[in-house]
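**Q** the following block contains a protein sequence and its predicted model.
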Amino acid sequence: MPHIQQLAPHIADLIAAGEVVERPASVVKELVENAIDAGASAVVVEIQRGGMGLIRVTDNGCGIAPTELPTAFLRHATSKLRRAEDLSAIGTLGFRGEALAAISAVSRVEILTRQRGAVSGAMLRLEGGVPGTVEEAGAPEGTAISVRDLFYNTPARLKFMRKDSAETAAVAGLMQHLALSHPDISFRFLKDGADALHTPGDRKLDSAVYAALGRDFARSLVQVEGRGGDIQVHGFVTQPLMGRGSRAMQTFFVNGRFIKSQLLTAALEEGYRNQLMKGKFPGCVLFVTLPVTAVDVNVHPAKTAVKFAREREVFDAVYHTVLDGLAEKAAPARTKAVEETVNPREDFFLRMDAGTFRQQAASRPAPARPAYNTEWRVDKVEDSVKKVPYETKRSAAFGSAPASVVPKSAPVKKESSVPATPSPATPSPAAPAAVSSRQEEKRPFVPAIPQEKLELPGQETLLKREEAPWRMVGEVLRTYIICESQEGCVYLIDKHAAHERINFDRLKEGKTPPMRQTLLRPIAAELAREDSALLLENLPLLEQFGFACEDFGDNTLLVREVPADIDAEDTVSTLEEFAQNLRSGRSMEERRENLLHTMACKAAIKGGWYSDPAELSVLVEKVQKGEVRYCPHGRPVAVKLTKYELEKMFKRA
Ligand code: ADP
Ligand code: MG
């Protein structure tokens, strides 16, 4: 064994530097936090080549006395911590007294500073941590630190640095967090000379959110505020209908510090329970403030994790703040938006078969009404839906059905089927009555697919019942298709799952490249920084899936073409899910599969939406042929009930 020796100071410094200075973003973080601790009201951050060329942070804070300049660069030199007890009550951002020492150990540093009110300033240069002499220098009040040639003396680390673009994105993300957590400070961020972020520092959180996260996101937010005991929560959360495709737009601060926390994410999302579409995540900028002794910030070297002393209380405070905030402020907006999305089917149908759609639209009095023998019942449902709030729509629709099925209630029906608030597209009050009486006499015998449908051009092949070994009875809950097969089985088919599976198989087969639609007006998809960076690295892959995108700066992708079978409106959410897919897969193969799932799902008809019987019969045919068994997520597409099983249920067998 060689002798044990104490490490030479500069080697110890290099090792310590590795812990603090991981990448350019960590340098920026430390320097800006120092500026904030110094009481600055304006901070300018400039980087070149992702920070590998230059990082300069300029502040108008308190400055450093010339005599203390060399000390500031010594390890464990800090003006912020005096006693061990202070450790449990850390109020300032920096406290280890390590940053300047660590940064200067692995770069070339120049610091120019002047204390407030001092006549002159001072300048010091360090190379690899070795200081030159302090020189008197003219300088504005505050401090400017330039860090050049990061890791120039640690080649091993230099080799592991990612592309400049990735480092730039990391610094940009950090700047967003810093700007959001300090609305009272004006932040300016320049990358390679170009302005990338500039906040006013007017103390208003919404100004900072607008400047840092963009207009579209800012507009999707509701303000929330609440407290539970000594735990305060405030900030902004997205309206339920403005859910995002990933969690990238969730930003949490605890006592002003940006952190990642599963506890806070869970509390936030619990507040949206049953209000968000599946696969959607809320976005937020939320601040949790609690006594410094109730949270341990010292658990993670990069300080992005915290440990709460009273987790349950923190969870409850966030959960209730979100829940109450949404109930209070988002309700009117939500109802309005729901109305907009409830009937997007006409669009879809238009794309499916324009000619058919036009003919049907002309021959149909009410907007998009299914042509089953249960027509009158749909009127009834629409009628009751209008009167109940969104949350109870499903149960109301379901609940109203049994009453109206009772044949004797015909006179009552006549009255109640007059819509309470007639819409322009609703037929005259006499029409529903006529419909119900027609239905009344036909009900037991009416074929599943009405005769007139057979005459539609291009539909015959699908709808000739004589040839089909099955009969589509109808659709229930706007989700499940009911069919009867010739050999006496009843099938319930989940229309979304079936369509998703068909799409998935077609995409996976990949025989034909995806059809694309060129957008009349390109969509500027404003995304979370991590999402946009990841997608930009994968533009050729997006291309394969039918998206033509280009970098539009500021975390925005300009989308010129989208796959023909997704709604242009779904572009942003699809891209967000793509980013999520790209992050989550372990292998390229798995990532591809995930992307296919997303595409298949986005292109599929949705449960709860109106579907035309013609669309549904295509699905039924495929299921009957056995082409489709399970949806890509492994859920069954169809459930089969044999005659025998039914007879057993009714104690006939
Ligand atoms: P820490 O921030 O943990 O105290 P640092 O190494 O980051 O340790 O900084 C050492 C000291 O240098 C700080 O405690 C502070 O007194 C001083 N200092 C660093 N940056 C600035 C700045 N921008 N303005 C004023 N003082 C600064
Ligand atoms: Mg510091």
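**A** Now that the structure is in, tell me what you want to look at. Ligands and ions are numbered 1, 2, ... in the order given.
**Q** show me the contacts for Gly546.
**A** 513-516, 561-564 (CB atoms under 8 Å, 6 or more residues apart in numbering). In short, each C-beta sits where N, CA and C put it, glycine included.
**Q** now for the residues you listed: which two are most distant?
**A** The span of the contacts of Gly546, defined through CB to CB, is set by Pro513 and Val562 at 13.9 Å.
**Q** neighbour count for the two, which is higher?
**A** Val562 (26 against 10; other CB atoms under 10 Å).
**Q** where do the helices of the stretch 401-550 of the chain begin and end?
**A** In the stretch 401-550 of the chain, the segments counted as helices under DSSP state H, counting those that start in this stretch are 410-416, 430-442, 451-454, 460-463, 495-509, 529-537, 539-544.
**Q** what's the answer for the stretch 1-150 of the chain, then?
**A** Assigned by DSSP H, counting those that start in this stretch, the helices in the stretch 1-150 of the chain fall at 9-20, 24-37, 69-72, 99-105.
**Q** what's the least confident stretch among those?
**A** Lowest mean pLDDT of these: helix 9-20, a mean of 66.
**Q** distance between stretch 493-504 and the chain's centre?
**A** Stretch 493-504 sits 24 Å away from the centroid of its parent chain (CA atoms, centre = their mean, to the nearest Å).
**Q** again, but for stretch 113-122
**A** Distance, stretch centre to chain centre, for stretch 113-122: 47 Å (CA atoms, centre = their mean).
**Q** now swap in stretch 222-242 and tell me
**A** For stretch 222-242, the separation from the chain centroid amounts to 18 Å (computed by CA atoms, centre = their mean).
**Q** with stretch 246-263 instead?
**A** Stretch 246-263 sits 14 Å away from the centroid of its parent chain (CA atoms, centre = their mean).
**Q** restricting to C-alpha, output that stretch in CSV.
**A** Provided in CSV are the C-alpha atoms of stretch 246-263 (Å, rounded to 0.1, in the frame of the first residue of the first chain):
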residue,chain,number,x,y,z
SER,A,246,-46.4,16.0,-20.6
ARG,A,247,-45.4,17.2,-17.1
ALA,A,248,-42.8,19.5,-18.5
MET,A,249,-44.8,22.6,-17.8
GLN,A,250,-45.1,21.9,-14.1
THR,A,251,-42.8,24.3,-12.1
PHE,A,252,-42.7,24.2,-8.4
PHE,A,253,-40.8,26.5,-6.0
VAL,A,254,-40.3,25.8,-2.3
ASN,A,255,-39.3,28.8,-0.3
GLY,A,256,-38.3,30.4,-3.6
ARG,A,257,-36.2,27.6,-4.7
PHE,A,258,-37.0,25.6,-7.9
ILE,A,259,-37.4,22.0,-7.0
LYS,A,260,-38.7,18.7,-8.4
SER,A,261,-41.0,16.8,-6.2
GLN,A,262,-43.3,13.9,-6.8
LEU,A,263,-45.2,14.8,-3.7
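**Q** helices of the stretch 551-653 of the chain, start to end?
**A** Using DSSP H, counting those that start in this stretch, helices in the stretch 551-653 of the chain cover 571-584, 588-602, 613-624, 643-649.
**Q** which of those helices sits closest to ligand 2?
**A** Proximity to ligand 2 (CB to the ion) singles out helix 571-584 among those, at 31.2 Å.
**Q** give me every residue that touches the residue nearest the centre of the chain.
**A** Centroid check for the chain by CA atoms, centre = their mean gives Arg244 as the closest residue, at 2.5 Å. Going by CB under 8 Å, 6+ apart, Arg244 touches 238, 280-283, 528, 573, 576.
**Q** the helix or strand harbouring Thr168 packs against which elements?
**A** Secondary structure assigned from DSSP states H and E places Thr168 in helix 164-181. If you count contacts as 3 or more CB pairs under 8 Å, 6 or more residues apart in numbering; DSSP states H and E, helix 164-181 packs onto helix 24-37, strand 42-48, strand 186-191, strand 194-198, helix 205-213, strand 250-254, strand 257-259, helix 529-537.
**Q** neighbouring strands - and their directions - for the longest strand belonging to the chain?
**A** For the chain, the strand that runs over the most residues, judged by DSSP state E, is strand 516-526. Counting by DSSP bridges, the strands paired with strand 516-526 are strand 556-563 (antiparallel).
**Q** ok so, going back, are any of the contacts of Gly546 buried, and if so which?
**A** The neighbour-count criterion (16 or more other CB atoms under 10 Å) marks 514, 516, 561-563 among these as buried.
**Q** buried sites along the longest strand of the chain?
**A** Buried residues in strand 516-526, counted by 16+ other CB under 10 Å: 516, 522-523, 525-526.
**Q** what residues does this structure put near ligand 1?
**A** Within the chain, the residues that sit near ligand 1 (CB under 6 Å from any ligand atom) are 30, 34-35, 38, 59, 61-64, 72, 77-80, 94-101, 143.
**Q** would you write a ChimeraX line that selects the buried entries of these?
**A** Filtering the residues of the chain next to ligand 1 down to the buried ones (16+ other CB under 10 Å) takes a single ChimeraX command:
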select :30,34,35,38,59,61,62,63,64,72,78,94,95,96,97,98,99,100,101,143
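**Q** other residues contacting stretch 145-155?
**A** Contacts for stretch 145-155 (CB under 8 Å, 6+ apart): 14, 17-18, 21, 24, 27, 31, 51-57, 103, 106-112, 128, 157-158, 161.
**Q** quick one: terminal-to-terminal distance for that stretch?
**A** Distance between the two ends of stretch 145-155: 23 Å, counting by CA to CA, to the nearest Å.
**Q** which parts of that stretch are buried?
**A** Using 16+ other CB under 10 Å as the test for burial, stretch 145-155 gives 145-151, 153-154.
**Q** now do stretch 183-202: distance to the chain's middle.
**A** Here stretch 183-202 shows a centroid-to-chain-centroid distance of 25 Å under the convention CA atoms, centre = their mean.
**Q** an error on my part: the question was meant for stretch 517-537.
**A** 13 Å.
**Q** span of that stretch from start to end?
**A** Its first and final residues considered, stretch 517-537 spans 23 Å by CA to CA.
**Q** pLDDT averaged over it - what is it?
**A** 89.
**Q** which residues are in contact with it?
**A** Stretch 517-537 has contacts (CB under 8 Å, 6+ apart) with 165-166, 169, 172-173, 176, 214-217, 244, 246, 248-249, 542, 549, 551-552, 554-564, 568, 571-572, 575-576, 578-580, 582-583.
**Q** could you turn the buried ones of those into a PyMOL selection?
**A** Typed into PyMOL, the line below selects the buried ones among these, using 16+ other CB under 10 Å:
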select buried, resi 169+172+173+176+214+217+244+246+248+249+542+549+555+556+557+559+561+562+563+571+572+575+576+578+579+580+582
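**Q** hmm, Pro469 is touching Gly488, no?
**A** No: counting by CB atoms under 8 Å, Gly488 is not a contact partner of Pro469; they are 11.1 Å apart.
**Q** can you pull out the low-pLDDT segments for this structure?
**A** Applying pLDDT under 70 to the chain flags residues 1-2, 7-20, 80-96, 298-303, 329-468, 629-634.
**Q** circling back to that earlier point, what's the closest of the buried residues of stretch 145-155 to ligand 2?
**A** Ile145 (11.0 Å).
**Q** and the contacts of stretch 145-155, which of them are in strands?
**A** Among these, the members falling in strands are 54-57, 108-112 (criterion: DSSP E).
**Q** and the residue in the stretch 551-653 of the chain positioned nearest to ligand 2, what does it touch?
**A** Per CB to the ion, Asn555 is where the stretch 551-653 of the chain lies closest to ligand 2, at 28.1 Å. By CB under 8 Å, 6+ apart, the residues touching Asn555 are 172, 214, 526-529, 531-533.
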